[in-house]
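S.K.: what's the 3D shape of this:
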Amino acid sequence: MLWFGLILVLLIIGVALYIYFVIGPQSLCDSKDGNCVPVTNFEECIEAGNPIMESYPRQCRNNDQLFVEEINVSNNNDKNSNFIEKELEDTDKEEQLESRDSMQARIATIKSWFEENIGTYKFDGSNLSFKDFEESSDCKKVDGCEVMVFQFNSSHAGYGDRGDSVLAQVITTHVTVLKVKNGQVIEAITDKKFDELGE
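M.R.: As a prediction, this is how the structure comes out:
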């Protein structure tokens, strides 16, 4: 009777391991040749029929894997140049050169500040890039205020200094909106929900 119970327990464990490791992970199959590949990114996770979490950026969970939608940003240098050209098209050439240099200098200064002061980025951030300027009703150029948008990747989930936490290791794309007044950052919100200055 003891042997029967032991065999039954081993059989149950074997079935559980088979289900977890073989059947459990969802995969995508090519209907033509039947070849299956594991889910490796956000798009494949959606195609496998998994639900989408309406966070920002969006997320998709496949069993114990979490995939985050990558926000594609066109070449930042080209975008910055196009934005600056549009802003300066009504000024004469000498003023354009001075204003262009001034904008590039402001972007570089705030980017350096970002690298040293934004907790989420300092913890495990990479690929920091300036994305764009934004319009805001409570932050206007005439008042010496402007809104700057930056994007970066984190190698773990969460926000701020997460040194004391157990973290899921997943590449996450973040967007941080800064309000800058007279050269000073007065507000920094990541993904429309985390206050970097109030951390």
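S.K.: what about the strands in the chain?
M.R.: Remark: strands assigned in the chain by DSSP state E are 27-29, 36-38, 52-53, 59-62, 65-68, 125-134, 145-156, 169-181, 184-190, 194-195.
S.K.: Tell me where the model's unsure across the protein.
M.R.: Low-confidence segments of the chain, defined by pLDDT under 70: 1, 17-37, 54-56, 71-98.
S.K.: Please name every helix or strand in contact with the longest helix seen in the chain.
M.R.: Counting by DSSP state H, the longest helix found in the chain is helix 93-117. Secondary-structure packing of helix 93-117 (3 or more C-beta pairs under 8 Å, 6 or more residues apart in numbering; DSSP states H and E): helix 76-88, helix 119-124, strand 125-134, strand 145-156, strand 169-181, strand 184-190. For every residue, glycine as well, the C-beta is placed using N, CA and C.
S.K.: With mean neighbour count and distance to Thr109 added, can I get the strands of the chain in CSV?
M.R.: What follows is those, written out as CSV (neighbours: other C-beta atoms under 10 Å; distance: least, C-beta to C-beta, whole Å):
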stretch, mean neighbour count, distance to Thr109
strand 27-29, 13, 46
strand 36-38, 11, 44
strand 52-53, 14, 35
strand 59-62, 19, 33
strand 65-68, 20, 29
strand 125-134, 16, 11
strand 145-156, 18, 10
strand 169-181, 18, 9
strand 184-190, 17, 10
strand 194-195, 14, 22
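S.K.: can you tell which of those strands is closest to Val15?
M.R.: Proximity to Val15 (C-beta to C-beta) singles out strand 27-29 among the strands of the chain, at 19.9 Å.
S.K.: ok, back up a step: tell me which of the strands of the chain sits nearest to Asn117.
M.R.: With distances scored as C-beta to C-beta, the stretch of the strands of the chain nearest to Asn117 is strand 184-190 (7.5 Å).
S.K.: Listing partners with orientation, what would you give for that closest one?
M.R.: Strands adjacent to strand 184-190 in the sheet, as given by DSSP bridges, are strand 169-181 (antiparallel), strand 194-195 (antiparallel).
S.K.: roughly how far is it from the heart of the chain?
M.R.: With C-alpha atoms, centre = their mean, to the nearest Å as the basis, strand 184-190 stands 17 Å off its chain's centre.
S.K.: cool, stretch 102-119 as well?
M.R.: 19 Å.
S.K.: That stretch: which residues count as buried?
M.R.: Neighbour-count burial for stretch 102-119, with 16 or more other C-beta atoms under 10 Å as criterion, is recorded at 103, 106-107, 110, 113-114, 118-119.
S.K.: Any chance of a markdown table for those residues, columns distance to Trp3?
M.R.: Listed next are the buried residues of stretch 102-119 as a markdown table, based on distance: C-beta to C-beta, whole Å:
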| residue | distance to Trp3 |
| --- | --- |
| Met103 | 80 |
| Arg106 | 78 |
| Ile107 | 74 |
| Ile110 | 72 |
| Trp113 | 70 |
| Phe114 | 66 |
| Ile118 | 62 |
| Gly119 | 59 |
